[in-house]
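Enquirer: sequence and predicted structure below; questions after.
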Amino acid sequence: MTRPLIELENVSRYYGSGNTEVRALDGVSLSISPGEFVAIVGQSGSGKSTLMNILGCLDRPTGGVYHVRGKDIAELDADALATMRRETFGFIFQRYNLLTSVSASENVEIPAVYAGLTLQERREKAAELLDKLGLGDRVSHKPGQLSGGQQQRVAVARALINDAEVILADEPTGALDSGSSDELLNLLEEFHATGRTIILITHDPKVAARARRVIELKDGKIISDTGRPSAASAPTETYRYSRKTPSPFAQVVEAIKMAFRSLRANPFRTALTLLGVIIGVSAVVAMLAIGQGSQKEVMARFESMGANLLFVRPGAPGTRMRGDAIATLTLADAEALNELGNVLAAVPSRSGSATMRVGNNDYRGSVEGTTEAWPLAQNRGLKYGTFFTADDVDRRVGVVVLGTTTAGNLFDNVQGAVGQYVFLGGAPFEVAGILEEKGATSWGQDQDDIALVPITTGMMRLFGQNYLSSITIAADDTDRISETEAEATDLLLARHGSEDFQLRNTASILESVEETQNSFSILLGSVAAISLLVGGIGVMNIMLVSVTERTREIGVRMATGARRSDIMIQFVVEALVVGGLGGIAGVLIGLSVCFILSYSGMTVAVTAMPAILAFTSALATGLVFGLLPARQASRLDPVTALASE
Ligand code: ADP
Ligand code: MG
C-alpha cells in the first residue's frame with residue numbers, strides 16, 4: 001500500500017473564543033493517498049473551506065496533527081509552507097481570483113514566477129496549457145474580456161502550471177453554467193488520469209458523483225466517507241514532479257516588471273506620487289548648486305589674496321580701535337620679521353590720506369607708505385613705469401606709484417604721468433609707475449584709488465608719526481606657514497613684552513568665510529531635504545493604499561507559492577521604482593533650473609555630487625518609506641487576504 005500523501009489526525013480549527021467560539025473543524029481524521037479523486041461535500045457552513053485551507057497549507061490547525069508526505073506541517077515556518085504550497089498544491093477558487101489588470105497568460109504564469117521558471121519557459125508552458133484548455137486564442141485577453149467558464153479555465157491552467165501533484169478546488173463549478181461545469185469536471189478527470197490527486201469541494205451531489213471517494217462534513221465533523229477506491233479506479237499513471245530552484249535575480253527582474261505594470265495601471269496617481277519625489281530631488285540639486293555657487297564666488301575673491309600671507313595688525317586681540325590709531329608696530333618690527341626663515345618679505349605699511357596736486361588739479365585720496373616688496377606681497381604688477389626701489393626707501397626719496405583712479409584724477413594722460421611730479425603735503429614726488437588695475441573689493445573699496453610712497457619718506461613728510469598700520473608677511477613655503485606664524489608671534493612677543501598685536505593668516509580668514517558659507521549651504525540643503533522627506537511620505541502613503549487595494553492579489557500570490565520575502569521584494573521594488581523614476585526626473589529638472597539660473601547671471605556650481613546624492617536619497621527614500629507597506633503586505637495572512645474584497 002502506498003504511503004498516504006495527506007494525513008489529518010484529529011485536526012480542529014476554532015475561530016474566536018469563549019461565547020463566540022466557532023468550531024469550524026472539530027476533530028477531523030482523514031488520509032488521502034496519491035492519485036485519489038476525492039469530493040468533500042456538506043452544507044454551507046459545514047467547514048469545507050476551512051478544511052481546504054488547512055489541506056492547502058494556507059491556514060494552520062488549532063489542534064491535531066497534519067502530515068503532507070509524512071512531513072509534520074506544524075514544524076514548517078511561513079517560507080517552508082510557501083514552498084510546500086508551490087510544490088504540492090494547485091488551487092482553483094470558486095471566484096477564480098484572477099488578477100484583472102494582467103492577461104490570461106500572465107495570470108497563468110504567476111505560480112511559475114515563484115517556482116523560478118524563466119520568462120520564456122513560463123510563456124511557453126502557459127500557452128501550451130491555455131491551448132489545451134481551449135483558450136489558445138485568448139492568451140493576451142484580460143479576465144474582464146473572458147466569460148465565467150473561460151476565466152475558470154484560466155484559473156485551472158494557473159493551478160497546473162507548476163505541475164502540482166494535488167489540485168485543490170473549492171466549489172470550482174459554483175459560478176458556472178452546467179455546460180461549463182461539465183467541461184471543467186471532464187478536465188479534472190483528465191488530470192486525475194495523469195496521476196494527479198484531485199480534492200474537490202462541492203455542495204452539488206451531481207458534481208460529487210464524478211469523484212471516486214466522497215467525504216461528507218457536518219458541523220466540522222466527518223459524518224461519512226465512502227473510503228479508499230478499489231484498484232480499478234486508480235489512476236493509470238504515477239505522477240512525477242520536476243523541481244527547480246528560483247533565481248533571485250530573475251525574481252527581482254520580475255518584480256521590476258510588475259512594479260511598472262502596477263504603476264501604469266494608475267497613471268494619474270503615479271504622476272502625483274512622483275511629483276513629490278521630483279520636487280524634493282530637484283530642490284536638492286538646485287539648492288546645493290546655488291549654495292556652492294555663492295561659496296565659490298566668495299572664495300574666489302579671497303583666494304586672489306594668496307595663501308602664503310600672514311597679517312600683523314597693531315592692538316591686542318579683540319581690540320576694536322582702528323589699526324592706525326594704535327602705536328605698537330614699528331619699522332624695526334618689520335625688519336626683524338624679515339630676518340625670519342621662510343619669510344620672503346615682511347612688508348610694513350602705514351596708510352593715511354593726503355591732498356595731491358598737479359598744476360591746478362587737487363585730489364584727496366588714500367596714500368600708503370610701504371617698501372619695495374609691496375608688489376610681491378600683494379601679487380600685483382605695474383601697468384607703466386617701475387616700482388620704487390630699496391634704495392629709494394633707504395634714502396627717503398620722494399617717489400610715488402599711483403593707482404589708475406588716482407592717476408586719472410590728477411593727469412589727463414595716465415601713461416604720460418610717469419616721470420611727472422605730484423605735490424604731496426607740499427613736497428614734490430616723482431611718479432615712478434602706475435599700478436595694474438584691480439577693481440573694487442567685495443566690500444566696495446576701489447583698489448585703484450591709491451598712491452604708494454616709500455614708508456620712510458611718508459613718515460618723515462606725510463603721516464606725522466612712526467608707527468605702522470600693518471605688516472604683511474609673505475611666506476616662501478606655504479606648507480610651513482603655521483610654523484612661520486608661530487615664529488613671528490614669538491618674535492613680536494619677545495620684542496614687545498606683551499601681546500599688543502594680532503596675527504592672522506589667509507587660511508584662517510578663508511576658513512571663517514567658508515564656515516559662514518557652509519552654514520548657508522546647510523540651510524538650503526535642509527530645506528531641500530525636508531521636501532524630499534515630504535515626497536517620501538507621499539510614497540509611503542500611496543504604497544499603503546496600494547497594499548490595501550491589492551490584498552486579494554497578495555493572497556493569490558501567496559496561495560500559489562509566493563514566500564513572504566517575494567511579496568516583500570515586490571513592494572519594496574515598487575517603492576524603489578517610484579523613487580528611482582522620481583530621482584531621475586528630479587535630477588533632470590534640478591539641472592535645468594541650474595542652467596536657467598546661470599543663464600540669467602547667477603553663479604551656480606553644478607557638480608555631479610549633489611545629483612548623485614539626490615538620486616541616491618530618492619532611492620533611499622523609496623526604500624525607507626516602502627519598507628513599512630511592504631512588510632505589512634508580506635505579513636498578511638493568506639486566508640484573510642484571499643477572503644478580502
Ligand atoms: P463551508 O465552506 O463549508 O461553507 P466554512 O469552512 O467557510 O464553511 O465555515 C465553517 C464555519 O466556520 C462557519 O460557521 C463559518 O461561519 C465559520 N468561519 C469561517 N471562517 C471564519 C472566520 N475567519 N472567523 C470566524 N468564523 C469563521
Ligand atoms: Mg466554502
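Expert: Received the coordinates, thanks. Numbers count the residues shown, from 1 in each chain. Ligands and ions are numbered 1, 2, ... in the order given.

Enquirer: from here on, just use CA atoms for contacts and neighbour counts.
Expert: Noted.

Enquirer: what about the helices in the stretch 451-600 of the chain?
Expert: For the stretch 451-600 of the chain, the helices defined by DSSP state H, counting those that start in this stretch occupy 455-458, 481-496, 506-549, 551-559, 564-599.

Enquirer: next: the stretch 101-250 of the chain.
Expert: Taking DSSP H, counting those that start in this stretch to define them, one finds helices in the stretch 101-250 of the chain at 104-114, 119-132, 148-160, 178-193, 205-208, 248-264.

Enquirer: among the ones you listed, which is nearest ligand 1?
Expert: Relative to ligand 1, the nearest member of these by CA to the nearest ligand atom is helix 205-208, separated by 14.3 Å.

Enquirer: and that closest one, what other elements does it pack with?
Expert: Counting by 3 or more CA pairs under 8 Å, 6 or more residues apart in numbering; DSSP states H and E, the packing neighbours recorded for helix 205-208 are strand 37-41.

Enquirer: could you give the angle of the strand it packs on to helix 178-193?
Expert: Strand 37-41 and helix 178-193 are oriented at 130 degrees to each other (axes from the mean of the first three to the mean of the last three CA atoms, to 10 degrees).

Enquirer: just the closest residue of the stretch 451-600 of the chain to ligand 1, please.
Expert: For the stretch 451-600 of the chain, the nearest residue to ligand 1 under the criterion CA to the nearest ligand atom is G555, separated by 14.4 Å.

Enquirer: cool, the stretch 151-300 of the chain as well?
Expert: With CA to the nearest ligand atom, the shortest gap between the stretch 151-300 of the chain and ligand 1 falls at G220, namely 7.0 Å.

Enquirer: next, the contact list for that residue, please.
Expert: If you count contacts by CA atoms under 8 Å, 6 or more residues apart in numbering, G220 has them with R23, A24, L25, D26, G27, V28, S46, G47, K48.

Enquirer: please repeat the previous calculation with a cut-off of 6 Å.
Expert: Going by CA atoms under 6 Å, 6 or more residues apart in numbering, G220 touches A24, L25, D26, S46, G47.

Enquirer: just put those residues in JSON lines and tack on distance to A345 and pLDDT.
Expert: Output for the contacts of G220, formatted as JSON lines (distance: CA to CA, whole Å; pLDDT from 0 to 100):
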{"residue": "A24", "distance to A345": "99", "pLDDT": "93"}
{"residue": "L25", "distance to A345": "100", "pLDDT": "94"}
{"residue": "D26", "distance to A345": "102", "pLDDT": "92"}
{"residue": "S46", "distance to A345": "104", "pLDDT": "93"}
{"residue": "G47", "distance to A345": "101", "pLDDT": "93"}
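
Enquirer: quick one: which of the residues you listed sit in strands?
Expert: Cross-referencing the contacts of G220 against strands under DSSP state E gives A24, L25, D26.

Enquirer: how is the chain carved up into domains?
Expert: Residue ranges for each domain of the chain read 6-245, 254-300+512-642, 327-499, as given by automatic domain parsing.

Enquirer: if you compare those, which one is most tucked away?
Expert: For those, average neighbour numbers computed from mean count of other CA atoms under 10 Å are highest in domain 254-300+512-642, which has a mean of 21.

Enquirer: that one: how far from the chain's middle?
Expert: 6 Å (CA atoms, centre = their mean, to the nearest Å).

Enquirer: end-to-end on that domain?
Expert: Distance between the two ends of domain 254-300+512-642: 22 Å, counting by CA to CA, to the nearest Å.

Enquirer: contacts for stretch 521-539, please.
Expert: By CA under 6 Å, 6+ apart, the surrounding residues in contact with stretch 521-539 are T273, G276, V277, G280, A283, V284, M287, G291, T621, F625.

Enquirer: just those residues: which are in helices?
Expert: Cross-referencing the contacts of stretch 521-539 against helices under DSSP state H gives T273, G276, V277, G280, A283, V284, M287, G291, T621, F625.

Enquirer: would CSV of the residues you listed with pLDDT and distance to N97 be doable?
Expert: Rendered in CSV, the data for these read as follows (pLDDT from 0 to 100; distance: CA to CA, whole Å):
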residue, pLDDT, distance to N97
T273, 88, 29
G276, 88, 34
V277, 88, 34
G280, 88, 39
A283, 88, 44
V284, 85, 44
M287, 85, 49
G291, 82, 55
T621, 86, 33
F625, 87, 29
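
Enquirer: for the residues you listed, give me CSV that also has distance to ligand 1.
Expert: CSV is the format used below for the ones in helices among the contacts of stretch 521-539 (distance: CA to the nearest ligand atom, whole Å):
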residue, distance to ligand 1
T273, 35
G276, 39
V277, 40
G280, 44
A283, 49
V284, 49
M287, 54
G291, 59
T621, 36
F625, 31
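
Enquirer: just give me the closest of these to G341.
Expert: For those, the minimum distance to G341 (CA to CA) is 40.0 Å, reached by G291.

Enquirer: re earlier: shouldn't the residue of the stretch 451-600 of the chain closest to ligand 1 be in contact with T640?
Expert: No - under the criterion of CA atoms under 6 Å, G555 is not in contact with T640, lying 7.6 Å apart.

Enquirer: so, low pLDDT: which residues of the stretch 201-350 of the chain?
Expert: By pLDDT under 70, the low-scoring segments of the stretch 201-350 of the chain are 229-246, 301-306, 319-325.

Enquirer: could you redo the last one with a cut-off of 50?
Expert: Counting by pLDDT under 50, the stretch 201-350 of the chain contains low-confidence residues at 231-232.

Enquirer: can you pull out the strands in it?
Expert: Along the stretch 201-350 of the chain, the stretches classed as strands by DSSP state E, counting those that start in this stretch are 213-218, 221-225, 309-314, 343-358.

Enquirer: could those strands be laid out in a markdown table, adding distance to E437?
Expert: As requested, the strands of the stretch 201-350 of the chain are exported to a markdown table (distance: least, CA to CA, whole Å):
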| stretch | distance to E437 |
| --- | --- |
| strand 213-218 | 104 |
| strand 221-225 | 104 |
| strand 309-314 | 21 |
| strand 343-358 | 19 |
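
Enquirer: N360 and S49, how far apart?
Expert: In this structure, N360 and S49 are separated by 115 Å, where distance is defined by CA to CA.

Enquirer: ugh, wrong one, I meant P454
Expert: When distances are taken as CA to CA, P454 and S49 turn out to be 107 Å apart.

Enquirer: same deal with R95?
Expert: Using CA to CA, one gets 13 Å for the distance from R95 to S49.

Enquirer: again, but for G144
Expert: Spatial separation of G144 from S49 under the definition CA to CA is 26 Å.

Enquirer: helix, strand or coil for the closest residue to T62 other than its chain neighbours?
Expert: Of all residues not flanking T62 in the chain, R13 sits nearest, at 4.7 Å (CA to CA, 6 or more residues apart in numbering). Here R13 is strand, with the state taken from DSSP: H, G, I helix; E, B strand; the rest coil.

Enquirer: and the pLDDT for R13?
Expert: In the prediction, the pLDDT value recorded for R13 is 95.

Enquirer: show me the contacts for it.
Expert: Residues counted as contacts of R13 (CA under 6 Å, 6+ apart) are A24, L25, P61, T62.

Enquirer: dig out what it forms beta bridges with.
Expert: Going by DSSP bridges, R13 is paired in beta bridges with L25.
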